[in-house]
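S.K.: below is the sequence, then the predicted model.
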Amino acid sequence: MYSEKLMKLFRNPHNMGSIKDADGVGKVGNPKCLLPETKVHTIAEIKPISDIKMDDMVLGHDGRYHKVKRVMKRKYKGKILKIKNRFGITFLTPEHEIMSVKIPKKHYYNYTRNKKKNIHDWNHAEELEAGDMILYPISKDSKNISKMHVENRKLRFDYRSRNIPKNLLIDDRFLRLSGYYLAEGSVRDKITKTDLSFAFNIKEEKYVNDVILLIKDIFDLDAKKKIEPKHNTIIVNVNSVMVVRLFKNLFGTGAENKRIPEFMMLLSPKKQKALIQGLWRGDGYFSTDRKWPRAGYSTISYELCQQLKLLLLRQGIIPSIYEEKEKIVKSTRHRKSYRIHIGSRDSMKILSKILDIKYHNKLEERNDTWIDEEFAYVPINEISKTNYNGYVYNLEVDDARSFTTDSFLVHNCGDVMYLYIKVKNNKIADIKFETFGCAAAIATSSIITDLVKGRTINYALKLTKEDIIKKIGGLPPLKIHCSLLAIDALHAAIKDYKNRKGDVKDKKKECKKRKAK
């Protein structure tokens with residue numbers, strides 16, 4: 001919440017405008033941007049920022065989905081930062097703010113318990129280093145649906161297809177079956193052959209029988225299983241046009257296109273456990289027969305991988321994500337895949353309960369991540385710079401003014417401030433500003449003009465962001481960067497004044513030299 005004083009200054013700012021013959025002009029801020037292919041989490045899917053449209057709902061810093069008010073695009077030529085963490089890689093301009101924790105380079109902060117004592121803030125990407133922690137929001141929007149209506153529409157001359165229940169319960173049974181399908185299922189939807197099938201390893205007969213029972217309980221249909229020893233698989237077939245259409249519409253077709261429907265992503269974390277259970281039983285593993293127990297999941301669907309990441313975070317599990325490139329092994333082509341890795345003891349404990357697996361690990365381990373009700377905290381692994389020449393994008397997001405990529409939580413603030421000063425006898429005789437931004441940016445711009453008007457240059461240079469925050473009556477953590485913008489604009493205007501003053505002196509000296517000759 002903004003203070004009463006801040007809102008008063010926002011509604012009636014002081015010294016707003018420009019000075020035509022200013023002695024110094026400070027311009028700071030720019031539309032901080034990301035590369036067009038940067039993936040952004042929306043409520044429906046994860047997609048490139050270049051494909052985001054107005055009114056799309058994106059995941060903000062508060063774990064809620066907020067409407068996109070504007071999509072900004074501009075040409076950019078210069079340095080781009082590549083920042084990598086366990087969730088992925090993001091390329092962005094050096095000034096872009098990331099919600100993060102700066103970790104002092106002291107031995108004391110090698111321990112996670114001490115890292116937690118540092119305060120998170122919006123830091124410019126160029127200020128961050130490997131080892132600093134980034135914050136990733138935990139999705140909180142929830143919309144529990146208990147039933148789903150199904151339309152049993154038959155094609156013309158279809159006299160054989162059996163109807164399925166018109167109202168399906170969205171319970172543990174259906175969610176677990178959905179997980180099995182997302183991991184191991186496929187459909188054929190042709191006039192000559194329409195069926196849904198699940199393919200399990202020959203050692204997974206327990207899950208095969210579970211699928212058969214679920215099909216019977218939910219749809220009152222008899223599924224058939226077929227053992228294929230040559231391929232070490234067991235196939236479960238369901239011959240039902242209605243079931244095929246239902247699963248096809250809900251989850252997509254083709255392994256690379258599978259995704260979790262929006263309503264399932266918004267179910268309560270408690271309900272989503274059954275979905276995770278089915279997914280993991282199909283394409284995951286949980287290994288306890290080693291010194292350091294590990295778990296993992298693999299899929300060729302990037303969308304599904306990212307959705308599962310969000311589901312795991314809601315359970316308190318911090319995953320790592322790896323991309324495995326396409327390769328050929330023993331004459332077999334393996335498509336590009338995405339792997340989720342679980343290794344920390346706390347995450348393994350939670351996952352074991354979801355999967356109904358006994359797990360005991362008393363080994364001490366060093367864990368460089370942690371999670372609370374609001375965020376997951378993960379370290380930056382690597383930062384590098386590269387040159388870029390092309391289009392970059394940013395979003396203006398309603399309320400939250402932030403959005404979440406596949407690996408970071410970033411600010412959307414494109415605030416730009418112009419500050420003009422007139423100097424007389426080394427004092428700021430007049431000062432005005434033009435700010436294009438939020439309420440906090442406008443109010444902090446206004447307060448800084450009040451603080452320095454009539455004061456000396458030296459006094460103005462000594463002002464800090466703490467002075468601004470105190471004078472304004474406090475700022476929410478999300479808006480502290482606005483006070484920095486005001487300070488930066490003031491310093492830039494003074495620097496411009498000094499440069500101009502220096503140029504004038506140099507010109508006078510040059511004139512005197514010419515006259516002397």
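M.R.: Received, thanks. Numbering: from 1, shown residues only.
S.K.: pull the residues that contact stretch 99-119.
M.R.: The list of residues contacting stretch 99-119 from outside it, by Cβ atoms under 8 Å, 6 or more residues apart in numbering, reads 61, 120-123, 127-128, 131-135, 366-370, 375, 377, 380, 402, 408-411. Bear in mind the C-beta positions are built from the backbone N, C-alpha and C, glycine included.
S.K.: buried subset of those residues?
M.R.: 61, 120-123, 128, 131-135, 369-370, 375, 377, 380, 402, 408-411 (16 or more other Cβ atoms under 10 Å).
S.K.: of those, which belong to strands?
M.R.: 121-123, 133-135, 370, 375, 377, 380, 402, 409-411 (DSSP state E).
S.K.: next, give me the two most distant ones among these.
M.R.: The two members of those with the most space between them (Cβ to Cβ) are W370 and H411, at 22.4 Å.
S.K.: quick one, strands of the stretch 51-200 of the chain?
M.R.: For the stretch 51-200 of the chain, the strands defined by DSSP state E, counting those that start in this stretch occupy 57-59, 65-85, 88-92, 97-101, 121-124, 133-137, 147-149, 167-169, 185-189, 194-201.
S.K.: V241 is nearest to which of those?
M.R.: strand 194-201 (5.0 Å).
S.K.: after the closest one, which helix or strand is next? Please name it.
M.R.: On the C-terminal side of strand 194-201, the closest following helix or strand by DSSP states H and E is helix 205-219.
S.K.: which residues sit in contact with H411?
M.R.: H411 neighbours (Cβ under 8 Å, 6+ apart): 32, 96-99, 122, 401-402, 478, 481.
S.K.: where in the stretch 251-400 of the chain is pLDDT low?
M.R.: 330-332, 362-365 (pLDDT under 70).
S.K.: can you give me the helices for it?
M.R.: Using DSSP state H, counting those that start in this stretch, the helices of the stretch 251-400 of the chain run over 262-265, 269-283, 302-314, 345-355.
S.K.: chain center to the second one: distance?
M.R.: I take that to be helix 269-283. 22 Å (Cα atoms, centre = their mean, to the nearest Å).
S.K.: can you tell me what sits against stretch 198-209?
M.R.: Taking Cβ under 8 Å, 6+ apart as the rule, stretch 198-209 contacts 180-181, 184-186, 211, 225, 227, 229, 232-236, 281-282.
S.K.: and those, which two are the farthest apart?
M.R.: So, the contacts of stretch 198-209 by Cβ to Cβ: farthest apart are Y181 and P229, at 24.2 Å.
S.K.: which one is Q272 nearest to, not counting chain neighbours?
M.R.: The shortest distance from Q272 to any non-neighbouring residue, by Cβ to Cβ, 6 or more residues apart in numbering, is to L311 (5.4 Å).
S.K.: the more surrounded of Y181 and P229?
M.R.: Y181 (23 against 8; other Cβ atoms under 10 Å).
S.K.: could you measure from the more buried one over to I212?
M.R.: Distance, Y181 to I212, by Cβ to Cβ, to the nearest Å: 14 Å.
S.K.: returning to that earlier point: got TSV for the strands of the stretch 51-200 of the chain, with distance to S50 too?
M.R.: Shown next, in TSV, are the strands of the stretch 51-200 of the chain (distance: least, Cβ to Cβ, whole Å):
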stretch	distance to S50
strand 57-59	14
strand 65-85	8
strand 88-92	13
strand 97-101	20
strand 121-124	23
strand 133-137	22
strand 147-149	33
strand 167-169	37
strand 185-189	31
strand 194-201	35
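S.K.: possible to save those as JSON lines with mean pLDDT and distance to A492?
M.R.: Converted to JSON lines, the strands of the stretch 51-200 of the chain look like this (pLDDT from 0 to 100; distance: least, Cβ to Cβ, whole Å):
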{"stretch": "strand 57-59", "mean pLDDT": "97", "distance to A492": "32"}
{"stretch": "strand 65-85", "mean pLDDT": "93", "distance to A492": "18"}
{"stretch": "strand 88-92", "mean pLDDT": "95", "distance to A492": "22"}
{"stretch": "strand 97-101", "mean pLDDT": "90", "distance to A492": "18"}
{"stretch": "strand 121-124", "mean pLDDT": "78", "distance to A492": "15"}
{"stretch": "strand 133-137", "mean pLDDT": "97", "distance to A492": "28"}
{"stretch": "strand 147-149", "mean pLDDT": "91", "distance to A492": "57"}
{"stretch": "strand 167-169", "mean pLDDT": "93", "distance to A492": "61"}
{"stretch": "strand 185-189", "mean pLDDT": "90", "distance to A492": "59"}
{"stretch": "strand 194-201", "mean pLDDT": "93", "distance to A492": "63"}
